[in-house]
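# Generate a structure from the sequence data that follows.
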Amino acid sequence: MRRTLAALTLAGLAATGIALAQMPTEVPGKPDPKLVVAGNYKIEPLHTQIGFSVVHLGYNPFMGLFSGVSGTLVLDPANPAAAKLDVTIPVDSIYTTVDELTKGLKGADWFDTAKYPTARFVSTAVEVRGTEARISGNLTLHGVTKPITIQARFVGAGNHPMTKAPAVGFEGRSVIKRSDFGVSNGIPFVTDEVNLTITAAFDKA
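Presented below is the predicted three-dimensional model:
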């Protein structure tokens, strides 16, 4: 029995060693704008998240997430100001660490996801400064459309190791007032201002 267990352990270690030997020695994405390939991209939803943060009772920030984001990006590194971004967020994907709160935020007093299941951002202008950009556009949330801006930063580009297709990633930040979109419940105990933190991965279509 001991010999069998030892043999299995050695076989497992050998297999792991082979797998590790086949792993790439460096990450495929690099913070080099020259690696960005022009074309049409689609959001890679498994690694794209939108975080939000509000201040609760004036004591501390409280955070949550949206996931399952979809959308497209048209990008030309020779003319980055011509970029076009169209993103759809399933509001029902909202998640906090408190189950009761997560359920409540989906209800009619807050986001009313049964009536307004998605939010959408469509860019109208992009101002580029080096590897950063100011993205202006219209956000539709809770049935209301308002202009917002996103401060975005290029993170990296390169060929995706799984799909072998060009990929690119960004992070962004924005601040909105939820009352502008008709979500006013709980003000001022929960702040009107909502800080958004965005991490977005794109694969070339």
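# Point out where the chain drops to low pLDDT.
Applying pLDDT under 70 to the chain flags residues 1-24.
# So in it, which strand runs the longest?
Identified as the longest strand of the chain according to DSSP state E is strand 144-159.
# Can you list the strands that the following helix or strand past it pairs with?
Downstream of strand 144-159, the first helix or strand assigned by DSSP states H and E is strand 166-177. As defined by DSSP bridges, the strand partners of strand 166-177 come to strand 144-159 (antiparallel), strand 193-204 (antiparallel).
# Quick check: buried residues in strand 166-177?
By 16 or more other Cβ atoms under 10 Å, the buried positions in strand 166-177 come out as Pro166, Ala167, Val168, Gly169, Phe170, Gly172, Ser174, Ile176. C-betas here are computed from N, CA, C, even on glycine.
# try stretch 60-70
Buried, per 16+ other Cβ under 10 Å, within stretch 60-70: Phe62, Gly64, Phe66, Ser67, Val69.
# before we move on, what about stretch 141-149?
Buried, per 16+ other Cβ under 10 Å, within stretch 141-149: Leu141, His142, Ile148, Thr149.
# do stretch 79-96 as well
Buried, per 16+ other Cβ under 10 Å, within stretch 79-96: Pro80, Ala83, Leu85, Val87, Thr88, Ile89, Pro90, Val91, Ser93, Ile94, Thr96.
# can I get the CA coordinates of that stretch in CSV?
Output of stretch 79-96 as CSV, limited to C-alpha atoms (Å, rounded to 0.1, in the frame of the first residue of the first chain):
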residue,chain,number,x,y,z
ASN,A,79,-6.4,57.5,-33.8
PRO,A,80,-7.4,56.7,-30.1
ALA,A,81,-9.7,59.7,-29.9
ALA,A,82,-12.0,58.0,-32.4
ALA,A,83,-12.6,55.0,-30.0
LYS,A,84,-16.2,53.9,-29.5
LEU,A,85,-17.5,52.1,-26.4
ASP,A,86,-20.9,50.5,-25.9
VAL,A,87,-21.4,48.6,-22.6
THR,A,88,-24.4,46.8,-21.1
ILE,A,89,-24.5,46.0,-17.4
PRO,A,90,-27.0,43.4,-16.0
VAL,A,91,-28.2,45.3,-12.9
ASP,A,92,-29.6,42.1,-11.5
SER,A,93,-26.0,40.9,-11.2
ILE,A,94,-25.5,43.3,-8.2
TYR,A,95,-23.7,41.7,-5.3
THR,A,96,-22.8,42.7,-1.8
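# contacts for it?
43, 50, 62-76, 102, 105-106, 111, 113, 116-123, 125-128, 133, 135, 137, 141 (Cβ atoms under 8 Å, 6 or more residues apart in numbering).
# now, which of the buried residues of stretch 60-70 sits nearest Asp192?
Nearest to Asp192 out of the buried residues of stretch 60-70 is Phe62 (Cβ to Cβ; 14.1 Å).
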